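Engineer: take this sequence and fold it.
(one chain, ligands or ions: 2)
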Amino acid sequence: MWALRAAVRPGLRLSRVGRARPIPRAAPPPPCPVRALAATGRCGRGGREEPGSAGRSKPNGRTVRAGEDEEEPEDEEEEEEEEELLRSEPLLPAGTQRVCLVHPEVKWGAGKAQLTRAEWQVAEATALVHTLAGWSVVETMVVSTKTPGRKLVFGKGNLQHLTERIRGSPEVTSVFLNVERLTPPTKKELEAAWGVRVFDRFTIVLHIFRCNARTQEARLQVALAEIPLLRSNLKNEVAALDRGGGGSRYMMGSGESFMQMRQRLLREKELKLRKALERLRRKRQLLRRQRAKREFPVVSVVGYTNCGKTTLIRALTGDMAMQPRDQLFATLDVTAHAGSLPSRVTILYMDTIGFLSQLPHDLIESFSATLEDVAHSDVIMHVRDVSHPETELQKASVLSALRGLGLPTPLLDSMVEVHNKVDLVPGYSPPDPSTVAVSALQGRGLDQLRATLEDAVLRATGRQVLTLHVKLAGPQLSWLYREATVQQVDVLPEAGAAHVKVIISNSAYGKFQKLFPG
Ligand SMILES: Nc1nc2c(ncn2[C@@H]2O[C@H](COP(=O)(O)OP(=O)(O)OP(=O)(O)O)[C@@H](O)[C@H]2O)c(=O)[nH]1
Ligand SMILES: [Mg+2]
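Structural biologist: Ligands and ions are numbered 1, 2, ... in the order given. Modelled structure (predicted):
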């Protein structure tokens, strides 16, 4: 259910192919992260960021990539093995691609998409294509089908029309068929019929993930998500070899057929990837324990992709190293950013990967370790782009994805909902008083948001605001400065004491009472 946001341009028009109808040209592509990364040569091997570039640098010690920056140095052998695992063939052809976007629209029956319109699904798919460097959508076709599950997706008549259109458009260099996954035989048959390469959503999204993954963990997760694709490609390759009589031949003296050997290598790769991820998961757990020891409350910031999570955290923390981008899957690594609440309590905001409706399952699964951080946070802040025409659908996608993560019920129940981008919706007022309306870009509504978060954090972490009577002569005051957050000190000179307003955890208050009875 992950992220892809519809960088939908107003006025995008679609052509429906029932029987041939004119096909409009899509608007020119906007700039995007994958484009930018590719242009600076940072794509390719996982698109790793250079040291010192925005996301990794810690100019003021405030940004920490969860699971990486605080890690102990990698064992050299482990590191080499991981690099080997990350070496992979390109998923998509390099260079310019002029894409014909074909969206199968199911009008009836179980295959019909819930709650959404073909236009927005097409807009999301277009935004995906435009994220790729050198790729543009030159034709868009919405083609109805009653049988999306059949091998060639469409009925005979529509398929024939589609084939004529694609074959009759020499400028088209590839087709993006907006289905979750194409089986290798379907892909092969469609490519033969249409005379160009055909890609599904899984491949496109995976490629974007590959390019946007910065940390080792994100790169390994993407590599793991690729395994099912490699497996189905292998089946196809071997079937072709078998037809030529080579697939079941034994490799020299090994007792293994070619297919068995390739399958074994794939299994081994998967196992190694899982082990490498497990190593990183343990480090992540260590990090979490360290954070818990320091008692920094953690607020996980979740939401549909492009809703403004990164922009909002940047506005709340003043962390200018963060780079919001008007692109899909701009954030692919979980990072922690320190900020403070009105009471001066320091909290950590976790920036997370955006959600997307209809994201291939394998991708979600492979990123589950990253999302474990959400499960261990004290409060979840759900950011919504209320200027988006499909904001309700996006909310439903995010909530259903969060439920799928098996998060603790109290965490889900105490979620803070933030309505962002209100600057784009004149006169906006949230329908429910428990939600907070903000403009992360213009810095509007942030004080109210901080106050709401403070309430939620205090409740979730078992902290309380107390005014304590403290003797100035003893060590009480310095103890409170160390173990709690002192908000205000009103000195009572004649009593040699002070009224001290503190935010204190239940455990620290227990200690205070034991150390300083009476
Ligand atoms: N007008 C307006 N634009 C905003 C606001 N907040 C964010 N944006 C824009 O929305 C786009 C996406 O912002 P990001 O902060 O990268 O969104 P994100 O949710 O982190 O996106 P992903 O990491 O891709 O999931 C950027 O172009 C931001 O400038 C806002 O309050 N108002
Ligand atoms: Mg982001």
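
Engineer: show me the beta-bridge partners of the residue nearest to Lys471 when sequence neighbours are not counted.
Structural biologist: Among residues not flanking Lys471 along the chain, Ala497 sits closest, at 5.2 Å (Cβ to Cβ, 6 or more residues apart in numbering). From N, CA and C alone the C-beta is placed, and that goes for glycine too. Counting by DSSP bridges, Ala497 is bridged to Lys471, Leu492.

Engineer: do the one 4 residues further on as well
Structural biologist: With beta bridges defined as DSSP bridges, Lys501 has these partners: Thr467, Gln488.

Engineer: surely it touches Leu466?
Structural biologist: Yes - assessed by Cβ atoms under 8 Å, Lys501 is found in contact with Leu466 at 7.4 Å.

Engineer: Tyr509 touches Val465, doesn't it?
Structural biologist: No - Tyr509 is beyond contact range of Val465, at 11.0 Å (criterion: Cβ under 8 Å).

Engineer: what count of nearby residues applies to the residue nearest to Lys471?
Structural biologist: 19 (other Cβ atoms under 10 Å).

Engineer: any figure for the gap between it and ligand 2?
Structural biologist: According to Cβ to the ion, to the nearest Å, Ala497 and ligand 2 sit 49 Å apart.

Engineer: now Glu372
Structural biologist: 19 Å.

Engineer: and for Arg325?
Structural biologist: From Arg325 to ligand 2 the distance is 7 Å (Cβ to the ion).

Engineer: wait, is that residue part of a strand?
Structural biologist: No - Arg325 is assigned coil when assessed by DSSP: H, G, I helix; E, B strand; the rest coil, not a strand.

Engineer: neighbour-wise, which of Tyr509 and Val465 wins?
Structural biologist: More crowded of Tyr509 and Val465, by other Cβ under 10 Å: Tyr509, with 18 against 13.

Engineer: and the residue in the stretch 151-300 of the chain that ligand 1 sits nearest to, what pLDDT?
Structural biologist: Using Cβ to the nearest ligand atom, Asn212 is the residue of the stretch 151-300 of the chain that sits closest to ligand 1, at 8.5 Å. Note on Asn212: pLDDT of 76.

Engineer: that one against Arg325, yeah?
Structural biologist: No - counting by Cβ under 8 Å, Asn212 stays clear of Arg325, with 9.7 Å between them.

Engineer: quick check: the nearest residue to Ser232 once chain neighbours are set aside vs Leu229, distance?
Structural biologist: Using Cβ to Cβ, 6+ apart and skipping residues adjacent in sequence, the residue nearest Ser232 is Pro184, 5.4 Å away. Distance, Pro184 to Leu229, using Cβ to Cβ, to the nearest Å: 9 Å.

Engineer: same question, Arg165
Structural biologist: Counting by Cβ to Cβ - Arg165 and Leu229 are separated by 28 Å.

Engineer: and those two? Which one has more around it.
Structural biologist: Neighbour tally, Arg165 and Leu229, criterion other Cβ under 10 Å: the higher count belongs to Arg165, 21 against 18.

Engineer: mind listing what's buried in the host helix or strand of the more buried one?
Structural biologist: Using DSSP states H and E, Arg165 maps to helix 156-167. Of the residues in helix 156-167, 158-159, 161-162, 165-166 count as buried by neighbour count, 16 or more other Cβ atoms under 10 Å.

Engineer: ok and the residue in this structure nearest ligand 1?
Structural biologist: For the chain, Cβ to the nearest ligand atom, closest residue to ligand 1: Gly354, 2.5 Å.

Engineer: quick check: buried residues in whatever helix or strand Phe512 lives in?
Structural biologist: Using DSSP H and E, Phe512 falls within helix 506-515. If you call a residue buried by 16+ other Cβ under 10 Å, then helix 506-515 has these buried ones: 508-509, 512.

Engineer: and those residues as TSV, adding pLDDT?
Structural biologist: What follows is the buried residues of helix 506-515, written out as TSV (pLDDT from 0 to 100):
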residue	pLDDT
Ala508	92
Tyr509	93
Phe512	94
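
Engineer: quick one: pLDDT of the residue nearest to Lys471?
Structural biologist: Listed pLDDT for Ala497 reads 93.

Engineer: residues contacting it?
Structural biologist: By Cβ atoms under 8 Å, 6 or more residues apart in numbering, Ala497 lies in contact with 469-472, 491.

Engineer: check the burial of Glu80 by counting its neighbours.
Structural biologist: 11.

Engineer: where does it land on pLDDT?
Structural biologist: As predicted, Glu80 sits at a pLDDT of 72.

Engineer: near ligand 1, which residues of the stretch 201-350 of the chain?
Structural biologist: The stretch 201-350 of the chain comes close to ligand 1 at residues 303, 305-311, 324-326, 328-331, as judged by Cβ under 6 Å from any ligand atom.

Engineer: next step: these restricted to strands.
Structural biologist: Taking DSSP state E as the definition of strands, these contribute Gly303.

Engineer: so Met350 belongs to a strand, correct?
Structural biologist: Yes - counting by three-state DSSP, Met350 is located in a strand.

Engineer: show the pLDDT at it.
Structural biologist: Reported pLDDT for Met350: 89.

Engineer: quick check, His469 in a helix?
Structural biologist: No - counting by three-state DSSP, His469 is not found in a helix; it is strand.

Engineer: for Asp373, see how far away the residue nearest in space to the middle of the chain is.
Structural biologist: Closest residue to the average C-alpha location of the chain: Ile353 at 2.1 Å, with Cα atoms, centre = their mean. Ile353 sits 11 Å away from Asp373 when distances are taken as Cβ to Cβ.

Engineer: overlap of the contact sets of those two?
Structural biologist: The contact sets of Ile353 and Asp373 overlap at Val334 (Cβ under 8 Å, 6+ apart).

Engineer: where does the stretch 401-518 of the chain get nearest to ligand 2, which residue?
Structural biologist: Ala440 (11.0 Å; Cβ to the ion).

Engineer: number of nearby residues for that residue?
Structural biologist: With other Cβ under 10 Å as criterion, Ala440 counts 26.

Engineer: what's the following helix or strand after the helix holding Arg165?
Structural biologist: strand 174-177.

Engineer: pull the residues that contact that next one.
Structural biologist: Contacts of strand 174-177 (Cβ under 8 Å, 6+ apart): 93, 97-102, 104, 125, 128-129, 137, 153, 166, 190, 194, 196-200, 204.

Engineer: one more time with 10 Å
Structural biologist: 92-93, 97-104, 125-126, 128-129, 132, 135, 137, 139-141, 143, 153-154, 162, 166, 186-187, 190-191, 194-201, 203-204 (Cβ atoms under 10 Å, 6 or more residues apart in numbering).

Engineer: can you give me how far it is from the chain middle?
Structural biologist: Using Cα atoms, centre = their mean, to the nearest Å, the mean C-alpha position of strand 174-177 is found 24 Å from that of the whole chain.

Engineer: so what does whichever helix or strand comes after it touch, helix or strand wise?
Structural biologist: Using DSSP H and E, the helix or strand that follows strand 174-177 in sequence is helix 184-194. Helices and strands touching helix 184-194, by 3 or more Cβ pairs under 10 Å, 6 or more residues apart in numbering; DSSP states H and E, are strand 97-106, helix 156-167, strand 174-177, strand 197-199, helix 216-243.

Engineer: which one of the ones you listed lies nearest to Gln394?
Structural biologist: Closest to Gln394 of these is strand 97-106 (Cβ to Cβ; 18.8 Å).

Engineer: fine by me, we can end here.
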